[in-house]
Structures are given as C-alpha cells and as structure tokens.
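Student: fold the following and give me the result.
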Amino acid sequence: MEISKKFNKPRLLVIGCGDVGMRLLPLVRAHYRVFAVTSQRERFAELRAAGAVPLQANLDQPESLRRLAGLAHQVVHLAPPPGEGMLDRRTRNVTAILPDRAQVVYVSTTGVYGDLGGRWADETQTVAPRNARALRRVDAEQVLRAWARRAEGRLSILRVPGIYAPDRLPIKRLEQGTPALRPQDDVYTNHIHADDLARVVLAALRKGFCNRVYHAVDDTELKMGDYFDMVADHFGLPRPPRLDRAALAQAVAPTLLSFMSESRRLANRRLKEELQVRLLYPDVAAALRCIKRP
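Tutor: Numbering: from 1, shown residues only. As a prediction, this is how the structure comes out:
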C-alpha cells in the first residue's frame with residue numbers, strides 16, 4: 001500500500017539542489033515523488049536521506065541530461081548560470097529535456113533590474129542588467145519564456161535578492177573589517193531568509209499564476225551598511241568602517257563593489273496576495289531575534 005502511494009504521487013524534478021534545494025526537500029517530499037539532480041555522486045546519500053531520488057547529471061554536458069527528458073512535469077530550476085559569458089547555456093540545456101505543458105519554477109535574481117536609484121518597483125519594472133551575472137539571468141528568463149510559449153508551459157519566475165540564514169550572515173566580512181559605504185552614498189538592498197525562500201518555491205508550485213514574475217523578497221527596508229551594523233550589533237562585533245564611494249573603490253574587489261553600486265526597493269504584493277505566503281521572518285530584525293547570540 002505504501003509503495004503504491006509513493007508511485008502515485010506526481011513527479012517533481014529539482015535541478016540545482018544546494019542549500020535552498022535541501023530546505024525545499026522536506027516541504028515537498030510528502031506531496032511529490034522527488035528527483036534531485038546533482039553533479040556529485042558523493043551527495044547521493046544526503047539526498048536520499050532528505051527524501052529525494054538522486055540523479056547524476058551535469059548541466060554543462062547536455063548528453064548527461066538526456067535520460068531526464070520527460071521524467072517530470074513539475075520542475076524547480078535552482079541552478080545558477082555559468083560563471084562567465086553573456087548567455088546561460090545551462091538553462092538552454094534544461095529546456096531541451098522539458099516536456100510540453102510542464103510547470104517550471106525558476107529562481108532568478110533581483111539583479112536583473114540594475115540600479116533603480118533606491119526607488120520602489122514591482123514586477124512590471126523593466127529589466128536593465130548592468131553586469132554579466134545579471135545578463136546571464138535575463139538570458140535564462142528569456143529562454144524559459146520562449147520555451148513556455150512554444151511548449152504551452154506554465155512558468156513562474158522568482159526574482160530573489162540576498163539570501164540569508166544563521167549560517168549565511170556576513171560574519172566573516174565583519175570580522176575582517178571590510179568597509180561599507182557612508183550613509184549618504186549607501187544603497188538600499190533586499191533580503192529573504194533561506195527557509196522562507198524554500199516556502200515561496202513551494203507556494204509557486206501550488207499557486208503560481210501562469211507565466212508570472214514574483215519578487216521573493218521580505219519586508220526589510222534597509223540600506224546595506226545598516227544591515228551590516230544590525231548584524232554586527234547582534235553578534236557583538238565591530239561595525240564596519242564607512243567610506244565614500246571613491247575610497248571604497250580602492251578598498252574592495254570589483255565584484256564586491258558591483259553589489260554596492262545598485263540601489264532598489266522591491267514590492268512583494270504578489271508574493272502575499274497571489275502566492276498567499278506568510279513569511280516566517282518578515283524582516284532581518286525578526287530573524288536575528290531568533291538567532292542566539294554567541
């Protein structure tokens with residue numbers, strides 16, 4: 001009887017089962033027969049213990065994906081694009097194995113908007129990527145939209161900001177004394193707790209509108225330096241030194257500087273009204289209150 005119930009569940013394919021994927025598995029394993037794609041065979045035991053059937057494949061090697069073609073009609077795509085270039089060839093390889101009329105939840109990034117000068121924006125905001133990372137994400141979104149039109153697929157795109165959790169806080173940065181921008185130069189940032197993001201993915205699977213974009217962001221309204229100060233105060237660490245933009249450009253790596261050059265505040269009305277998500281951690285301050293101090 002139990003075996004029959006197991007095989008009667010709808011199949012769900014999770015591509016890119018990292019931290020967020022591992023948080024998702026306990027939420028979906030009771031409702032789906034879950035298949036988790038990994039390129040590392042040594043992760044099989046971990047994935048099995050979490051309730052998934054592990055499958056070895058490499059998104060950079062299309063031939064390794066062929067046996068996954070048509071395996072599931074519900075797919076969560078969590079895998080990041082390649083680390084270079086302007087195109088996301090991994091997502092192109094994924095669309096080649098998707099069956100017609102499949103449902104796909106794709107986790108993208110809020111970086112596709114570029115710099116909004118601190119303005120509020122909803123999901124109708126035009127994308128304006130300013131770096132190669134964001135360009136690859138826009139490319140992935142466009143590839144998936146084209147697949148959805150061609151194959152009559154149901155696509156939900158979750159645009160995700162900085163993900164945090166107790167083990168994903170800027171502790172090392174604070175311990176190293178990495179500087180932040182002075183208040184008058186600082187940028188607004190957006191946040192989501194990793195546990196809440198996993199719950200948003202499940203909500204998109206259950207309730208996502210057809211071919212819809214959602215901001216997977218919480219209610220935090222903080223500038224980046226204030227976020228660092230809040231974490232530093234909670235853990236009894238020194239607050240980061242503040243520099244003007246010119247001085248900061250000389251003190252940090254270009255990649256880090258790029259994250260400190262885009263300011264935006266993103267509305268989450270669709271998240272709450274359409275996906276009906278009630279955040280466990282509505283803002284960073286609420287999450288920190290749940291984390292024990294050292």
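Student: what about this protein, any weak spots by pLDDT?
Tutor: Applying pLDDT under 70 to the chain flags residues 1-7, 294.
Student: 50 instead, please
Tutor: Within the chain, the ranges that satisfy pLDDT under 50 run 1-2, 4.
Student: for residue 106, helix, strand, or coil?
Tutor: Put simply, residue 106 is strand when judged by DSSP: H, G, I helix; E, B strand; the rest coil.
Student: burial of residue 191, as a residue count?
Tutor: Neighbours of residue 191 under the rule other Cβ atoms under 10 Å: 21. Just so you know, the C-beta spots here come from the backbone N, C-alpha and C atoms, and that holds for glycine as well.
Student: so how far is residue 110 from the residue lying closest to it once chain neighbours are set aside?
Tutor: Spatial nearest neighbour of residue 191, chain neighbours left out: residue 220 (4.6 Å); criterion: Cβ to Cβ, 6 or more residues apart in numbering. Relative to residue 110, residue 220 is positioned 13 Å away (Cβ to Cβ, to the nearest Å).
Student: just residue 208 next, same as before
Tutor: Residue 208 sits 18 Å away from residue 110, going by Cβ to Cβ.
Student: before we move on, what about residue 158?
Tutor: Distance, residue 158 to residue 110, using Cβ to Cβ: 10 Å.
Student: can you check residue 170 too?
Tutor: Taking Cβ to Cβ, one finds residue 170 at 18 Å from residue 110.
Student: which one's more surrounded, these two?
Tutor: Between residue 170 and residue 110, counted using other Cβ under 10 Å, the more crowded position is residue 110 (25 against 19).
Student: contacts only, for the more buried one.
Tutor: The contact partners of residue 110, by Cβ atoms under 8 Å, 6 or more residues apart in numbering, come to 159-161, 190, 215, 217, 264, 266.
Student: now do residue 17
Tutor: Contacts for residue 17 (Cβ under 8 Å, 6+ apart) come out as 25, 36-38, 43, 47, 52, 78.
Student: of those, closest to residue 260?
Tutor: residue 78 (25.6 Å; Cβ to Cβ).
Student: count of residues packed around the nearest residue to that closest one once chain neighbours are set aside?
Tutor: Distances taken as Cβ to Cβ, 6+ apart place residue 16 nearest to residue 78, at 3.6 Å, with adjacent residues excluded. Using other Cβ under 10 Å, residue 16 is surrounded by 19 other residues.
Student: pretty sure residue 109 contacts residue 162?
Tutor: No. If you go by Cβ atoms under 8 Å, residue 109 and residue 162 don't touch, sitting 9.7 Å apart.
Student: who has more neighbours, those two?
Tutor: Each of residue 109 and residue 162 has its neighbours counted (other Cβ under 10 Å); residue 109 has more, 22 against 19.
Student: for the nearest residue to that one once chain neighbours are set aside, which three-state class applies?
Tutor: If the residues on either side of it in the chain are set aside, residue 109 comes closest to residue 137, at 5.0 Å by Cβ to Cβ, 6+ apart. For residue 137, the assignment made with three-state DSSP gives helix.
Student: run a quick neighbour tally on residue 137.
Tutor: Residues contacting residue 137 under the criterion other Cβ under 10 Å number 26.
Student: in the stretch 151-294 of the chain, what residue spans correspond to strands?
Tutor: If DSSP state E, counting those that start in this stretch is used as the criterion, the strands of the stretch 151-294 of the chain fall at 154-160, 162-164, 180-181, 188-189, 191-193, 212-215, 222-223, 242-243, 265-266.
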